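Undergrad: With the sequence up front, the predicted model follows.
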Amino acid sequence: MPGTASNPRTPPYALTIASSDSGGGAGIQADLKTMTRLGVYGGSVIVAATAQNTRGVEGSHVLPAESIRAQYEAVADDFDIAAVKLGMLATAEAVETVADCLADYDGPVVLDPVMVATSGDRLLDADAVDAYDALFAQATLVTPNADEAEALTGVFPDSPAAVSDAADWFFDRGADAVLLKGGHVATDGDIVVDTLVTPTETTTFVNPRIDATATHGSGCTLSSAVAARLARGDDLADAVRRGIEFTRATLAEPADVGEGAGSVNHLVGVGDGWTPDES
Ligand SMILES: Cc1ncc(CO)c(N)n1
C-alpha cells in the first residue's frame, strides 16, 4: 500500500556496516543501492572510507572505534533494524568493535567476509582475520567466495566434499549457515553453482555463468540483497535465491562506468529513473 504524507508507509529497515567505495560500485554504495532496489530502507555504519575506482584502491582511512560505535548506537537507538549486512571491516579493532555492537542484536546478520577487492587490493588487515571468529558466532549467514573460503578455512570449495568441509569450519565457529559462492570455481560447462549449507540441509543454486568482466561490487550486492530479502521476511533459502537473481541481473547488464573493468549495474531495469507526474 502506498503511503500518503499524513499516513506514511513503513518500509523494512536494514543496516549495512561496511566501508565506502568512492567510485560507487561496491561497498556501502552498492549496499544502499541494492537495498533501495529491493524495497528496503537502508542505513549505514561506515567503517572506512576507501579512495577507490574501477581500476583499484588508492587508499583507505579507517574511522576511530568510537565513531563506528557512535554510528551504530545512533541507528540502533532510533530504528527497528530488521537485518544487518557486514562488509569490509578493515582492521582487527573494527571487527572487534562491530562484534561488540552486535552482541545484543538478535535479528539476522549476513556476514560477507570481504578480504580482497576484485582489483586484487587487500581490504582487510592480515591480523584481522583471527578477530572474525567473534563475528562468525553472530552470523545468520556467511557469504565467502571460494578464495575467501580457502583463506579462512584452508579448503578450496570446488567439490561437494570440500564445500561440506569448508562449511563445517564456519559451523565450528558458531555460524548458522554458509553460502559458498561458486563464481570463482571453474566448472565443466558454463555454469555457476552456489551452495547454501546449514548443519542439517544443503541447497544448490545452479545458474548459467554470465561471462562478465565488470564484477566489481557483485559480492556486496549479493550479501546486501540477501539481507534486504531477510528484512522483508523471506526465509533463508528464498532470500538467497532472490539475492542471486538480483545479482545476476546486475551482472548481465553491467554499467560501463570508469576506465577499469566497470561495475555491476544497480540501475538494471530502472530506465531513466523517476519522473515527475506530468498529468
Ligand atoms: C569498500 C569496499 N567494500 C567491498 C569491496 C569488495 O569488492 C570493495 N572493493 N570496496
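TA: Structure received.
Undergrad: Going by C-alpha atoms from here, please, whenever you check contacts or count neighbours.
TA: OK.
Undergrad: May I see the buried residues of the longest helix seen in the chain?
TA: Longest helix of the chain, by residue count under DSSP state H: helix 236-252. Neighbour-count burial for helix 236-252, counted by 16 or more other C-alpha atoms under 10 Å, picks out 236-237, 239-244, 246-252.
Undergrad: hang on, residue 77 is in a helix, isn't it?
TA: Yes. Using DSSP: H, G, I helix; E, B strand; the rest coil, the assignment for residue 77 is a helix.
Undergrad: Just give me the neighbour total for it.
TA: 9 (other C-alpha atoms under 10 Å).
Undergrad: What of residue 106?
TA: Neighbours around residue 106, by other C-alpha under 10 Å: 12.
Undergrad: Give me the distance between it and residue 82.
TA: 9 Å (C-alpha to C-alpha, to the nearest Å).
Undergrad: CA atoms of stretch 166-175 as PDB?
TA: Coordinates of each C-alpha in stretch 166-175 appear next as PDB, following Å, rounded to 0.1, in the frame of the first residue of the first chain:
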ATOM      1  CA  ALA A 166      34.600 -25.600   4.500                       C
ATOM      2  CA  ALA A 167      31.100 -25.100   5.800                       C
ATOM      3  CA  ASP A 168      31.900 -27.200   8.900                       C
ATOM      4  CA  TRP A 169      34.800 -24.800   9.700                       C
ATOM      5  CA  PHE A 170      32.200 -21.900   9.900                       C
ATOM      6  CA  PHE A 171      29.800 -24.100  11.900                       C
ATOM      7  CA  ASP A 172      32.600 -24.900  14.400                       C
ATOM      8  CA  ARG A 173      32.800 -21.100  15.000                       C
ATOM      9  CA  GLY A 174      29.100 -20.700  15.500                       C
ATOM     10  CA  ALA A 175      27.700 -19.500  12.200                       C
END
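Undergrad: Work out for me the element the nearest residue to residue 87 once chain neighbours are set aside sits within.
TA: Spatial nearest neighbour of residue 87, chain neighbours left out: residue 18 (4.4 Å); criterion: C-alpha to C-alpha, 6 or more residues apart in numbering. Using DSSP states H and E, residue 18 maps to strand 13-21.
Undergrad: Distance from the chain centre to that strand, please.
TA: 9 Å (C-alpha atoms, centre = their mean, to the nearest Å).
Undergrad: which residues sit against whichever helix or strand comes after that strand?
TA: The helix or strand immediately downstream of strand 13-21 is helix 27-37, counting by DSSP H and E. Applying C-alpha atoms under 8 Å, 6 or more residues apart in numbering, the contact partners of helix 27-37 are 14, 16-21, 24, 41-44, 46, 87-88, 217, 220-221, 224-225, 228, 266.
Undergrad: filter these down to the ones close to the ligand.
TA: Checked against the ligand using C-alpha under 6 Å from any ligand atom, those give the following subset in range: 19, 20, 21, 88, 217.
Undergrad: Pick the one among the residues you listed closest to residue 136.
TA: Distance to residue 136 across those (C-alpha to C-alpha) is lowest for residue 88, with 14.5 Å.
Undergrad: Now do the one helix or strand residue 68 maps to: which elements does it pack against?
TA: Per DSSP H and E, residue 68 falls inside helix 65-78. Contact here means 3 or more C-alpha pairs under 8 Å, 6 or more residues apart in numbering; DSSP states H and E; on that basis helix 65-78 packs against strand 41-52, helix 92-101.
Undergrad: burial count for residue 83?
TA: For residue 83, using other C-alpha under 10 Å, the count is 27.
Undergrad: In terms of secondary structure, what does the host helix or strand of it contact?
TA: Counting by DSSP H and E, the element that carries residue 83 is strand 81-86. In terms of contacts (3+ C-alpha pairs under 8 Å, 6+ apart), strand 81-86 is packed against strand 13-21, strand 109-111, helix 218-231.
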